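A.B. asks: The following block contains a protein sequence and its predicted model.
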Amino acid sequence: MSKSDKSAMPRPLSEDLAHYTKAFKYIASVGDYFEVAQKWTEETFYGHVVEKLVTNLGDGTDGKLLRVLGIGSGSGELELGFLNKLLTKFPKIQNCVVEVTQYYTGYGKLWRTFPTLGCETASQDGSQDNSSPSHRIDAGYVRDALRQLQIPNHEDGFAGNYKITECFSDEESDEGNLALDFLTHTIRFRDAPSDLFQQVLACIKESCVQRGDERYFQSKNVCFVITKPTESATQ
């Protein structure tokens, strides 16, 4: 798409696996997500998940199989940390991973403001097409569902920071484009209609903190530890 032709929305990032992987690897390289996630795993996951499983199931010494389901585990770094903690008490684990498309979580403010970014049904101004429900599932959606179903849970989380200074440069760069593509889940978002591009960039900027000459996008990752309801609670 040429610079003068910005009349159409770019394609969803999910349509190009190679570009998605490249954008993901770049955003991961400029962020501290895995570091803070590992710290959360070390400090919180064991107490809220592993110890509760031991209380409810025993410590696994009886040889029973612990089944673990991962949904959208990606490259697996975060889930590997969980499994290593579980293995300290449950030596026999079956881990099944399901990868899905058109389902992403995070970046809540950006995607609530522009709910069809990265969707096949996106309009030129990024507004929601009411004929097709948004595929964005964020923490608020999960929280409301748990409350309505009266399912016991513990909510926790950690914040990640990503250096995306290049997104705001007047000069186009591969780094800035990859960061924008991943945040918006579109291919070549810089070629989006000008009005939408500026509005989205302003929204991203509002979620950034500035440290010296650098800008860091902040994203809070919410973790729900959900306890299976007892039989009496579901009747």
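C.D. replies: Now that the structure is in, tell me what you want to look at.

A.B. asks: I am assuming Leu201 contacts Phe168, so please confirm or correct that.
C.D. replies: Yes - Leu201 is within contact range of Phe168, at 7.0 Å (criterion: Cβ atoms under 8 Å). Using the backbone N, CA and C atoms, a C-beta is placed for each residue, glycine as well.

A.B. asks: what about those two, which has more around it?
C.D. replies: Each of Leu201 and Phe168 has its neighbours counted (other Cβ atoms under 10 Å); Leu201 has more, 18 against 13.

A.B. asks: Now do that one, the pLDDT please.
C.D. replies: Looking at Leu201, its pLDDT is 95.

A.B. asks: List the residues that contact it.
C.D. replies: 167-168 (Cβ atoms under 8 Å, 6 or more residues apart in numbering).

A.B. asks: and if you look at Ser173?
C.D. replies: When the contact criterion is Cβ under 8 Å, 6+ apart, the partners of Ser173 are Glu166.

A.B. asks: Can you report phi and psi for it?
C.D. replies: As for Ser173, its main-chain torsions (degrees, to the nearest 10) stand at phi -140, psi 160.

A.B. asks: cool, Ser207 as well?
C.D. replies: According to degrees, to the nearest 10, the main-chain angles of Ser207 amount to phi -100, psi 10.

A.B. asks: ok, it to Tyr46 distance?
C.D. replies: 31 Å (Cβ to Cβ, to the nearest Å).

A.B. asks: mind checking how far the residue sitting furthest away from the middle of the chain is from Val49?
C.D. replies: Farthest-out residue of the chain from its mean C-alpha position, per Cα atoms, centre = their mean: Asp62, at 36.3 Å. As for Asp62, its distance to Val49 is 20 Å (criterion: Cβ to Cβ).

A.B. asks: what's the answer for Val222, then?
C.D. replies: Taking Cβ to Cβ, one finds Val222 at 15 Å from Val49.

A.B. asks: Check which helices and strands the strand or helix carrying Arg112 sits against.
C.D. replies: Per DSSP states H and E: Arg112 is located in helix 108-113. Under the contact definition 3 or more Cβ pairs under 8 Å, 6 or more residues apart in numbering; DSSP states H and E, helix 108-113 sits against helix 194-206.

A.B. asks: Pull out the buried positions in the helix it packs on.
C.D. replies: Of all the residues in helix 194-206, those buried under the rule 16 or more other Cβ atoms under 10 Å are 196-197, 199-201, 203-204.

A.B. asks: now swap in stretch 19-27 and tell me
C.D. replies: Neighbour-count burial for stretch 19-27 flags 19-20, 23-24, 26-27 (criterion: 16+ other Cβ under 10 Å).

A.B. asks: Sweet, I'm off.
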